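[1] Sequence first, then the predicted structure:
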Amino acid sequence: MNTKKIIKSVCKYYGISVTELFSKHKPKSLSVPRQMAIYLLREEAKYYFVDIAKLFGRHHAPIIYGHDTIAGLLKIGDKQTTREIAELTEMIKRKEGEIIEGEIGDNEIPELKKPTRK
């Protein structure tokens, strides 16, 4: 999975723009999409927290908090979070053209280099 597919899928799923996802504004309506994107970038794409923080233009602490919030909801079996993660994962696994087809410009989404994990 790559960064662009994850970001595009999250934006489409929640009906937000890439600009909103990466904005410095903190309305509650953007916190779940951001946390989902962070969780998927960490768990599915295996990016480091520090790299995800750079992508979002933030310190690594709120990135860890966002990830842990979703992980905690999944751990206790929150049905809505479990459903949303499953639906997002399915969207991401589809071919990229089927996900959005031109709705979100690739040039808006920075690409992370794939980390090498030990």
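    That came in fine, so what should we check first? These numbers come from a predicted model, not from an experiment. Residues are numbered from 1 along each chain as shown.
[2] element containing Lys24?
    When elements are assigned from DSSP states H and E, Lys24 belongs to no helix and no strand.
[3] Could you double-check that Leu41 lies in contact with Ile52?
    Yes: between Leu41 and Ile52 a contact is recorded at 5.1 Å, counting by CB atoms under 8 Å. For every residue, glycine as well, the C-beta is placed using N, CA and C.
[4] Show me which of these two is the more surrounded one.
    Legend: neighbour count by other CB atoms under 10 Å for Leu41 and Ile52, higher for Leu41 (26 against 23).
[5] you'd agree Ser17 is up against Ile7?
    No: look at Ser17 against Ile7 with CB under 8 Å: they stay out of range, at 10.7 Å.
[6] When the two are compared, which one has more neighbours?
    Ile7 (25 against 13).
[7] Distance of the more buried one relative to Phe56?
    Distance, Ile7 to Phe56, by CB to CB, to the nearest Å: 10 Å.
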